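Chemist: okay, here's the prediction I keep looking at, along with the sequence it came from:
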Amino acid sequence: MTRPLLLAASVLAAGCAGMSDPQCRGANWYDLGYRDGQFRLQSQAGVYAQRCAVDGGDIDAARYEEGLLHGWYDFGDRWGLL
């Protein structure tokens, strides 16, 4: 029970780090959304957009949301929640 919580906490802590302009421009937004979805996070698109806007970058919110939904579904299948 504590292992999934520890994994989620580490992902959240890693997500607190700022994203540089090259990271924003080179990010695979689907993969980021998928990872967040696996940990049952709410959409973080606004947070990513705010971080990237600092350096003039932009996100692909549609791809992020698509990955988020797929991550949510796969998480449920893996843990028997769906």
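Modeler: Structure's in. What do you need?
Chemist: list of residues touching stretch 42-51?
Modeler: The contact list for stretch 42-51 (CB atoms under 8 Å, 6 or more residues apart in numbering) reads 15, 18-19, 24, 27, 29, 32-33, 36, 58-59, 61, 64-65, 68. C-beta: built from backbone N, CA, C; applies to glycine.
Chemist: of these, just say which sits nearest to Cys52.
Modeler: Cys24 (3.7 Å; CB to CB).
Chemist: could you pull up the mean pLDDT of the helix or strand hosting the closest one?
Modeler: Taking DSSP states H and E as the criterion, Cys24 maps to helix 21-26. The average pLDDT for helix 21-26 rounds to 83.
Chemist: burial check on His70, number of neighbours?
Modeler: If you count neighbours by other CB atoms under 10 Å, His70 ends up with 15.
Chemist: could you find the closest non-adjacent residue to it?
Modeler: Tyr34 (5.6 Å; CB to CB, 6 or more residues apart in numbering).
Chemist: and after the helix or strand containing that neighbour, which helix or strand comes next?
Modeler: Using DSSP H and E, Tyr34 sits within helix 29-38. Per DSSP H and E, helix 29-38 leads on to helix 45-54 as the next helix or strand towards the C-terminus.
Chemist: and Ser20, how far from Gln50?
Modeler: Separation of Ser20 from Gln50 (CB to CB, to the nearest Å) stands at 14 Å.
Chemist: got it, and His70?
Modeler: His70 is 24 Å from Gln50, by CB to CB.
Chemist: same question for Gly26.
Modeler: Gly26 sits 18 Å away from Gln50, going by CB to CB.
Chemist: quick one: neighbours of the residue nearest to His70, just the number.
Modeler: Look at Tyr34: counted by other CB under 10 Å, it has 21 neighbours.
Chemist: nothing else from me, thank you.
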